[in-house]
Structures are given as C-alpha cells and as structure tokens.
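Peer 1: Here is the input, now give the coordinates:
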Amino acid sequence: MTFSINPQSEIPNQQLLRLFVYGTLKRGYWNHQRFCAQARSIEPAVVWGRLYHLHAGFPALEVPEGLILARGTADPLADARRQQKIDTPRFGRPTGDWDLIHGEVVTFTDPQRDLPPIDRLEGFRPGGHSMYQRVMVAVLCGRNSIPAWTYWIPRVENGTRLDSGVWDSRL
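Peer 2: Got it, this is the predicted structure:
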C-alpha cells in the first residue's frame, strides 16, 4: 500500500482518519483483518512513548502527556475534522526516559464506519471508564510528521517494558 500525506485533495467530500497502531491491529496480527481491512493505506511509522507487554498477552502504550494534541470523543467525524486541522505537529524527542515506538499508520476513509468498532475493541468509552484512551499525537511517517490517533494507557502497572519499541505477540 502507498501513503499520501495530502489528506483530502485526493478524496473529495470525505474525512480521512489516521490511526497509529502498535500491536494486534498491525498487519500480520489477529485483529488486523477484522478491523483494518477497509484501510486506504498502511505505512510504517514511529511515535515517542513507552511500550509494554501486558500479562494478558497484548501491548499497551504510554505517551508523554505533553505530546498529546487532542483527546478522542464519541464523534468519529468530529475527531477526523480535528485531525485535519492540525498541519504539521512537532516531532521531537521528549524530556525523560522515552523510546521510539514502532508501528503503522492506518488511514481510514470512513471514520463513522471504521472507528467505533476499534474504539469498542480497545475499551475506549469517552466520558466513562475506559481501558485505553484514544489520543492524538505526532507520528513520524517516512520524513513527515503527521497527527494520528492512537490508544494509550496513562499509567501501565502490570506489564513488561519493551525498550526496543517493538511489540511481538510471541513475547
């Protein structure tokens, strides 16, 4: 698949939504086909954070609070519009003990169809108790810094940190 940084010029009247995935939604893992089959494009990318392998068998990402550009809502179209309004976010190494986390940017053309099932999978419930939160962060995709949503846990307590920044289900 190819990736275009020009979000709306190629698909008029549609809202694109980019999602950074780092675990079971990546190509080759068990949730990819079910939840990402409708993706317009998928490209390798990195974010700053800390990656953990949870004892339950899946990963969790922690990102620095200062790098969060926006917090997800229950309205996928509003979240897509919010993402489109951010031009080029700064992608710089944050202060502290953070790693480059390797994953993929998945671009969807129909946020209303594609995002709610992923929110449910990740246990994201805006305004309620959530397993993961959906936040927008700067993602480095190739040489371009772009805004993308991702799922994170503010504080991971029961996991093994993966300093490599790469999650593998065989851990």
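
Peer 1: For residue 169, give me its contacts.
Peer 2: 24, 29, 30, 57, 58 (Cβ atoms under 8 Å, 6 or more residues apart in numbering). Where you see a C-beta, it was placed from the backbone N, CA and C, and this is true even at glycine.

Peer 1: Residue 110: neighbouring residues, count only.
Peer 2: For residue 110, the neighbour count with other Cβ atoms under 10 Å is 16.

Peer 1: so what's residue 139 closest to, chain neighbours aside?
Peer 2: residue 148 (4.3 Å; Cβ to Cβ, 6 or more residues apart in numbering).

Peer 1: before we move on, back to that, going by distance to residue 115, which of the contacts of residue 169 wins?
Peer 2: Using Cβ to Cβ, residue 24 comes nearest to residue 115 of those, at 16.2 Å.

Peer 1: who touches the nearest residue to that closest one once chain neighbours are set aside in this structure?
Peer 2: Residue nearest to residue 24 in three dimensions, not counting chain neighbours: residue 31, with 4.1 Å by Cβ to Cβ, 6+ apart. Neighbouring residues of residue 31 by Cβ under 8 Å, 6+ apart: 24, 25, 121.

Peer 1: Of those residues, which is the most crowded?
Peer 2: residue 25 (25 neighbours).

Peer 1: follow-up on the earlier one: please, which helix or strand holds the residue nearest to residue 139?
Peer 2: strand 144-152 (DSSP states H and E).

Peer 1: For the helix or strand following that strand, buried residues please.
Peer 2: Using DSSP H and E, the helix or strand that follows strand 144-152 in sequence is strand 159-161. For strand 159-161, burial by neighbour count (16 or more other Cβ atoms under 10 Å) applies to residue 159.

Peer 1: from the middle of its chain, how far away would strand 159-161 be?
Peer 2: Chain-centre distance of strand 159-161: 19 Å, with Cα atoms, centre = their mean, to the nearest Å.

Peer 1: Show me what it is packed against.
Peer 2: Here strand 159-161 touches strand 41-54, going by 3 or more Cβ pairs under 8 Å, 6 or more residues apart in numbering; DSSP states H and E.

Peer 1: Can you give me the buried ones in the strand it packs on?
Peer 2: Under 16+ other Cβ under 10 Å, the buried positions of strand 41-54 are 41-43, 45-54.

Peer 1: Out of those, which is nearest to residue 136?
Peer 2: residue 47 (10.7 Å).

Peer 1: Any idea what the closest one is bridged to?
Peer 2: Taking DSSP bridges as the rule, residue 47 bridges to residue 101.

Peer 1: Could you measure from it over to residue 64?
Peer 2: Applying Cβ to Cβ, to the nearest Å, the value for residue 47 to residue 64 is 10 Å.
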